[in-house]
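Novice: I'd like to go over a predicted model; first the sequence, then the structure.
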Amino acid sequence: MNRNVSIFVVRWLFNSLGLWVAVRLFGTGYDSTQVGISIVGFLGVGLIFSIVNAVLKPFIVILSLPAILVTLGLFMLIVNGLMVWISFWLIPGISMTFFNSILTGIILSLVNYIVSATLVVKSDSTR
């Protein structure tokens, strides 16, 4: 149980970092002079993103399975973008267009892939 919580916290922090980078690159409604939004806001968006991914994404993937199969998985970019867009919609003060949310979803997919690969290598070496 303790390991699962630590993995969740690591993913949450790296998702927040990835969201911060993506908003700095693609964001439209972010004011970088507000220190509170840069720290607490991105931690909040990272937490919301982690919860949305855990709760809502499985249902969206099941509903969009025909489109995912027809496009050979490319529709997952749209699903990931939708999860990012919903996360930004729930937190006031940060906004992003849907197309930029898709690009952010690509960045977060890469971040999560790297974190997952690192955690698997680390857990294999500890056994």
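Specialist: Sure thing, it's come through.
Novice: Poorly predicted segments of the protein, please.
Specialist: Where the chain drops to pLDDT under 70, the residues are 1, 27-38, 120-127.
Novice: and the longest helix along it, what other elements does it pack with?
Specialist: If you go by DSSP state H, the chain has its longest helix at helix 98-126. In terms of contacts (3 or more C-beta pairs under 8 Å, 6 or more residues apart in numbering; DSSP states H and E), helix 98-126 is packed against helix 2-26, helix 75-90. Just so you know, the C-beta spots here come from the backbone N, C-alpha and C atoms, and that holds for glycine as well.
Novice: closest one to residue 54 among the ones you listed?
Specialist: helix 2-26 (9.0 Å; C-beta to C-beta).
Novice: list the helices and strands that closest one packs on?
Specialist: helix 42-55, helix 75-90, helix 98-126.
Novice: sorry, back to before: mind checking which of the helices and strands packed on helix 98-126 is nearest residue 67?
Specialist: helix 75-90 (4.4 Å).
Novice: So what's the gap between the closest one and the chain middle?
Specialist: Here helix 75-90 is found 8 Å from its chain centre; the criterion is C-alpha atoms, centre = their mean, to the nearest Å.
Novice: what comes into contact with that helix?
Specialist: 19, 22, 45, 48-49, 52-53, 56-57, 60-61, 64, 67-68, 94-96, 98-99, 101-106, 108-109 (C-beta atoms under 8 Å, 6 or more residues apart in numbering).
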